[in-house]
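J.: Pasted the sequence and its predicted model underneath.
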Amino acid sequence: MKKFDEPMCVDNSKDTFCQDEDIDIKGKISKLVFNQPFAVLSTQGHGQPYASIISFACSSDLKNIVFSTPFNTRKYGLLSESNKVALFIDNRSSVPPGLNNVSGVTITGKSKILNNSPEFEKCVDLLINKHPNLDLFAKSPSNALILVEVYRYFLVRRFQEVFEWNPHQK
Amino acid sequence: MESSSKMIFSFENSNNPPDLNLVGSKTRNLFLASNKGFNIPRSFCITTEAYKQFIEHNDLFSIIDREIYKKPFEEMRWEEMWDASLRIRSAFLRSEIPLEIELEILKHIKEFGEDLKFSVRSSSPAEDSKKNSFAGIHESYTNVLGIDEILKSIKLVWASLWSDRAILYREELKLDSLKSTIAVLIQIMEKNPVSGLAFSKDPNGNENNLIIEVVGGYLSNLVDNIKVGEKWIIQRDNHFIIQHIQPEETKKLKRPLLKSNELEYIINQTKDIEDVFGFSADIEWTGTGEKFTVLQVRPITSIIDSNEERKWYLTLTPNFDRLKQLSNKVEKYLIPQLEIEGKRLALEKPQGMKKDILAVKIKERADIYFKWKKIYWDEFIPFAHGIRNFGTYYNDLVKPKNPYEFMELLKTDNLLASKRNKELISLSLLLKSDLELNSKIEYIINKKIKNKELLNALGEINEVEKFSKFVNKFKSLLNDHMDLMYENQSFKDHPELILINIWELSKKEPHIKEKLDLETVGKETSKNSQNKISKNIYMDKLYSAAGKSRLEEAIEVLRIGKLSWKLRDDDNILLGKLENQLLIFLNQGCEILISENRMESKEDLILEDWKTIYDGLLDNKKSIISIKKKRKEFNTRSEPDFKPRQLIGQPSSPGIVSGLAKIINSFEDFYKFKSGEILVCDAIQPQMTFLVSLASGIVERRGGMLVHSSIIAREMGIPSVNGISKATQLINDGDLVTVNGYLGLVVIGSPEFELERHS
C-alpha cells in the first residue's frame, strides 16, 4: 500500500543520516572557504565596529585562515587593539539568482601577526597558492601576515537554516 | 520593457512560423495547420516573453524560489508541494499584468469581440513534443467571458506552470524547472453543433485504426466530462467502421452525431493533418464540412507511467461532481457504517473463546478491517481533496493576502480528536481541583500499577462517591476514544498511559485557547461569539465575491470542504478502532499459541500476520508458528559532527513558544512525554494526537498544512512547525527549542548568543 503521508524518496529505515550530502556541513563549509576568494573581516576597536574585504586562504584542516594587510591600514590598527574577529564568506556571486541558492559562513576566531614567526613561510605560501597575484603584496615588508585561529563556523543557507561546526571537535 | 510585438503573437499579421520558445508548441502547431490551409479559430498568443515580464514586474521569482527550493526536492512531500503551489498560485492571482501587456491583450480582445466567449489555453515550449505529453498538466480555461475573467484566466494558466503536478512531472522528465516557461493561447470559442477529438492512430490499441470522438456543442463538454461522447473506431486504410460506441443519451436521438459524409470528411482531414505534420496526430476540432476547424494538434504519446505512486497521487484530484458524489457516499453511508462496525466489534471480548471460534472471529475481523482499509484509500483519501478544492475556490474568488485564510472557515469543534482532547482536559481539571483524588492517583502512578490491576485500583477509588465521577469518566474515555492501537500496542491494554497523560495534563497551566474552549462548553460566551463573528467575516468575503450567480455553488463547495476537513482526521480514528479490534483478537490468539509453546513471542506481530495466527489456531497438528522479524525503525542514530542552530520548515500553526524537546519515536516514548515539552516527531499519527494536549509546541518531519498535527495544533492553538527534514535526528531530547509557528522556524539552544571564549 502506498503511503499517502510519506515523502517521495526518503527511506527512513536506512541510517544514511551522516552520509547524507545535504547535511554534510563540513563539506559545505569547505566548499565556501576553498572556492571563494574574498571574505569580509569584522574587527573592533576605539569603541566601534569596522568591516573590510580581504583576500584569504584557509588551511586544509579548516583551523586557520590567513590574509595580508599593510601595517598602516585601519584594520591592522584595530587588530592590534583587539584580536577577536569574525569573517563572513558567501557564494552570492557564483550561484544562480535566488535566496535559497545563497549560502554563507560566519567564522569566529582570534588573530595573530605572523611576520616574525617560524610559521610565516608556510602561511604566506598558503595565501599565494590561492592568490598568485598577491605574491609581491603579501611578501612586501610593509605588510603584516595575519593568521586567524578559527574557533567556530556558522553556516547559513536556504535563507534561514543555521548550523554550527567546530573544527577542533574530534 | 520589450516591444509589444514580442509580447503578443498575432496569427493574422504573421507569415513565418513563430519561434517555439516564444509561443509554445500548441500555438506553433496551430499556426502550421493554418498555413497549410486548415481552418483555425481566430486566435492570438501571449508569449513566454510576456510571462517573463509578468514574473519580473511582480518579483514572483523570489516567491517561487522560497516555496520550491527551500529544501531538497526529494524531501518534499506531495502535500508540501501542494502547499507551495497554492502559495505561488495565490501570489500570481494577486499580481498585476504589466500595463503595456494588458493593453495589448485588450486591443486584441476588443478587435475579436468583447462579448464573445474565449478559451484561454496553456502553450508551453516543453509540452506536446513527440517525446513528452503534458496533456492535462497545465491549466486551460474554456467559455471565458469578459475581460476581467480573461485576465484572471491568463494568470491562472501562468500559475499552472508551478502546480504540484507540473513540478512533479518536470522532475520525472528531468526537465529544469528554473528554465521552464509558458505562453498562453487565446481563441474565440466557435459554437458548432458538434465538436470532438480525432486520433490518427489508436493511442491505446491497433495502429491500423483511427479514432473519432464526438460530442454535441463545445468540445469542453467532452474534455470536462460534462457529456459522454460518441466514439468511432475506423480502419485507416479502407475507412471501415469497426465499432461505433453510442451512449444512452444520444441513442435516444435515433441518429448518430455525425452523418456518414461528415464522418468521412473528418477522417480525411485527420489523415491530411498527419501527413502535413509528419507524426501521428491527436487533434481537437469543432464543426463539420466546411466549418471543420482545428483547435489543437499534438503528437500522440503513449504515456507509460512507471511511477505508481505518482500515478496514484494524480488520481487524488477528483473534479467537483465526483467530490459531490463522494461527499454523499462518505457522509451518509460510509462513515456511519464504519462507526457501527467499530462499535459492534468492540462488544465482543476474545477471552475464554474456543480456539476455532477465535480463529473464525479473527478472520471476520481481518476481512472487515482490510475491506475498510481499501475504502479508506479509494474513497476517503480522494475525498480529502475537498479541503484543497475549497482552498483553491476561496483563493480564486477572494484573492486573500494569506492563502490559508480559508482554513478559518473549515475549523470545527466536532473533530473526534478534539472531543477526546477536551475529555482529557476535563479529567485533568477534576484531578487538579481535588487534592485527595490527586494524591490517590499520584500513588497509583508511582506504584507503576498497570493494565487490569490499574482498573482494579481505580475500582477501589470508585467506591468513594466523590471520586466516582473521575473514575467513570476515565472508563468512558477509554471505551469511547482510546479503542485504538499504535505499534502493535492497544491503548486499552495500557490504561496507565492514559492516566499518566491526564496526570501530566493536570500539572499544565491550560493554554489560553483551551481555557476558552472549556469556558464555552454549553454556553455562549463573548469569545465564542467573537469566533463566530470572525468566521462570519470570511464567510461574507466568500459570499460577496461569489455574488448571487455563484452563491449556491459557494455554499456547496464550503459544505464539502468542511466535511472533508472533519473526516480527514475522523476517518483515521474510526478505522483505527477496527484495527485495534483485530489486534485485540490477534493478541489473544498469540497468547494461546505461546501458552502451547508453539510461538516464541508476539513482539513482531503486525495485522498482516492474521492468516498465520488463524491457521495456527485451526491447525490440529499443533505445528510451530513463526512470524517474520520486522525491522525496527529509528533503532540506529549516528551522532552528527555539527550542531543545528536554526532549522526551516512550514509554519503549520501560529504562535511562538520555547520548551524542552522530547523526541517521540515509539510507544514507550509516550510514557515519557511531560507536560509543557515540545513534541518532536517524525510523523504524528492520528492515534497519537492525544499527546498534543500536553505539548506546548510541535516539531515534525512530515510537512503540510493539512497533516493531522497541523489540524489538531490549529484547533488547539498550539504553535507548530512541520516539514523539518530529519527533525528527530537533528534535535536531541532535552534541547531547548523555540518553535516559531509564524515563520516556520525552529531555533535550537538558548536565544542568547554564547560569547566566544578563546582558550
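T.: Okay, I see it.
J.: Going by C-alpha atoms from here, please, whenever you check contacts or count neighbours.
T.: Noted.
J.: so B:Glu213, which of the three states?
T.: strand (DSSP: H, G, I helix; E, B strand; the rest coil).
J.: likewise B:Ala661?
T.: At B:Ala661 the chain is in strand, as set by three-state DSSP.
J.: and the gap between it and chain A?
T.: Noted for B:Ala661: a distance of 18 Å to chain A, by C-alpha to the nearest C-alpha, to the nearest Å.
J.: Tell me, how many residues neighbour that residue?
T.: B:Ala661 has 28 neighbours, counted by other C-alpha atoms under 10 Å in any protein chain shown.
J.: Then A:Lys130?
T.: For A:Lys130, the neighbour count with other C-alpha under 10 Å is 17.
J.: Not counting its neighbours along the chain, what's nearest it?
T.: A:Ala57 (6.4 Å; C-alpha to C-alpha, 6 or more residues apart in numbering or on different chains).
J.: same question, B:Gly287
T.: Nearest residue to B:Gly287, sequence neighbours excluded (C-alpha to C-alpha, 6+ apart): B:Asn192, at 5.2 Å.
J.: which residues touch that neighbour?
T.: B:217-218, B:286-287 (C-alpha atoms under 8 Å, 6 or more residues apart in numbering or on different chains).
J.: can you list the weak-confidence ranges in chain B?
T.: Residue ranges of chain B with pLDDT under 70: B:1-4, B:127-136, B:205, B:250, B:253, B:302-317, B:509-534, B:629-638, B:751-759.
J.: Show me it divided up by domain.
T.: When chain B is parsed with automatic domain parsing, its domains come out as B:1-189, B:191-301, B:318-629, B:646-748.
J.: re earlier: closest to B:Pro41 among the contacts of B:Asn192?
T.: Checking the contacts of B:Asn192 against B:Pro41 by C-alpha to C-alpha gives B:Thr286 as the nearest, at 9.4 Å.
J.: and the closest one, what does it touch?
T.: If you count contacts by C-alpha under 8 Å, 6+ apart, then B:Thr286 has B:190-192, B:194-196, B:218-219, B:292-295 around it.
J.: re earlier: just so I know, which of the domains of chain B lies nearest A:Ala138?
T.: Among the domains of chain B, the nearest to A:Ala138 by C-alpha to C-alpha is domain B:646-748 (38.2 Å).
J.: ok, back up a step: possible to save the domains of chain B as CSV with distance to A:Ser80?
T.: Compiled in CSV, the domains of chain B are given as follows (distance: least, C-alpha to C-alpha, whole Å):
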stretch, distance to A:Ser80
domain B:1-189, 42
domain B:191-301, 72
domain B:318-629, 52
domain B:646-748, 34
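J.: For A:Lys110, find the nearest of those.
T.: Of all the domains of chain B, it is domain B:646-748 that lies closest to A:Lys110, at 24.9 Å by C-alpha to C-alpha.
J.: Nearest residue to the spatially most central residue of chain A in space, ignoring adjacent ones along the chain?
T.: Note on chain A: the residue nearest the mean C-alpha position is A:Val33, at 4.8 Å, using C-alpha atoms, centre = their mean. Once flanking residues are discounted, A:Val33 sits nearest to A:Cys58: 6.4 Å by C-alpha to C-alpha, 6+ apart.
J.: Dump the helix or strand where the residue nearest to A:Lys130 lies to CSV, restricted to CA.
T.: Here A:Ala57, judged by DSSP states H and E, is contained in strand A:48-58. Only the C-alpha atoms of strand A:48-58 are listed here, as CSV (Å, rounded to 0.1, in the frame of the first residue of the first chain):
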residue,chain,number,x,y,z
GLN,A,48,33.4,50.9,17.3
PRO,A,49,33.0,48.0,14.9
TYR,A,50,34.6,48.0,11.5
ALA,A,51,34.4,45.8,8.3
SER,A,52,36.7,45.3,5.4
ILE,A,53,37.1,43.0,2.4
ILE,A,54,40.1,40.7,2.3
SER,A,55,41.6,38.0,0.0
PHE,A,56,42.2,35.0,2.2
ALA,A,57,43.3,31.3,2.2
CYS,A,58,42.3,28.6,4.6
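J.: Pull the residues that contact it.
T.: Contacts for strand A:48-58 (C-alpha under 8 Å, 6+ apart): A:33-34, A:37-44, A:64-68, A:75, A:126-127, A:130-131.
J.: Can you tell me which of the residues you listed are buried?
T.: Among the contacts of strand A:48-58, those buried by neighbour count (16 or more other C-alpha atoms under 10 Å in any protein chain shown) are A:33, A:37-44, A:64-68, A:75, A:126-127, A:130.
J.: Could you measure from the residue nearest to A:Val33 over to chain B?
T.: For A:Cys58, the distance to chain B equals 19 Å [C-alpha to the nearest C-alpha].
J.: buried stuff in stretch B:422-440?
T.: Across stretch B:422-440, burial judged by 16+ other C-alpha under 10 Å covers B:422-432, B:437-438.
J.: brain fart, stretch B:444-455
T.: So for stretch B:444-455, counting by 16+ other C-alpha under 10 Å, buried means B:444-445, B:449-450, B:454-455.
J.: Just give the number of residues close to A:Ile23.
T.: Quick note: A:Ile23 (other C-alpha under 10 Å) scores 17 neighbours.
J.: Could you pull up phi and psi at residue 59?
T.: In the absence of a named chain, this looks at chain A. Main-chain torsions, A:Ser59, degrees, to the nearest 10: phi -70, psi 160.
J.: wait, chain B
T.: Phi and psi for B:Asp59, reported as degrees, to the nearest 10, are phi 50, psi 40.
J.: tell me, how many neighbours does it end up with?
T.: B:Asp59 sits with 12 neighbouring residues when counted by other C-alpha under 10 Å.
J.: can you check B:Asn221 too?
T.: For B:Asn221, the neighbour count with other C-alpha under 10 Å is 17.
J.: so the residue nearest to it when sequence neighbours are not counted, which of the three states?
T.: Closest residue in space to B:Asn221, ignoring its immediate chain neighbours: B:Lys227 at 5.3 Å, by C-alpha to C-alpha, 6+ apart. State at B:Lys227, reduced to three classes by three-state DSSP: coil.
J.: Surely B:Lys227 touches B:Tyr218?
T.: No. The criterion here is C-alpha atoms under 8 Å, and B:Lys227 misses it with B:Tyr218 at 10.2 Å.
J.: So which of the contacts of strand A:48-58 belong to strands?
T.: A:38-44, A:64-68 (DSSP state E).
J.: thinking again about what came up before, could you say which of the domains of chain B is packed most deeply?
T.: Of those, the one with the most neighbours on average (mean count of other C-alpha atoms under 10 Å in any protein chain shown) is domain B:646-748, at a mean of 23.
J.: How far does that domain stretch from one end to the other?
T.: End-to-end distance for domain B:646-748, by C-alpha to C-alpha, to the nearest Å: 6 Å.
J.: and if you look at stretch B:667-680?
T.: 14 Å.
J.: With stretch B:175-184 instead?
T.: 20 Å.
J.: what's that stretch in contact with?
T.: The contact list for stretch B:175-184 (C-alpha under 8 Å, 6+ apart) reads B:22-24, B:45-48, B:50-52, B:120-126, B:154, B:157-158, B:161, B:167, B:170-171.
J.: Which of the residues you listed fall in helices?
T.: If you go by DSSP state H, the contacts of stretch B:175-184 have B:22-24, B:48, B:50-52, B:154, B:157-158, B:167, B:170-171 in helices.
J.: just those residues now: which is nearest B:Ile340?
T.: B:Ile167 (41.9 Å).
J.: looking at this, B:Leu397 is in a helix?
T.: Yes. B:Leu397 forms part of a helix when assessed by three-state DSSP.
J.: can you pull the contacts of it?
T.: Per C-alpha under 8 Å, 6+ apart, neighbours of B:Leu397: B:542, B:545-546.
J.: any idea how far B:Ile445 is from it?
T.: Separation of B:Leu397 from B:Ile445 (C-alpha to C-alpha) stands at 55 Å.
J.: Also B:Glu408?
T.: In this view, B:Glu408 and B:Ile445 are 40 Å apart by C-alpha to C-alpha.
J.: Just to be sure, B:Arg322 is in a strand?
T.: No. Applying three-state DSSP, one finds B:Arg322 to be helix, outside a strand.
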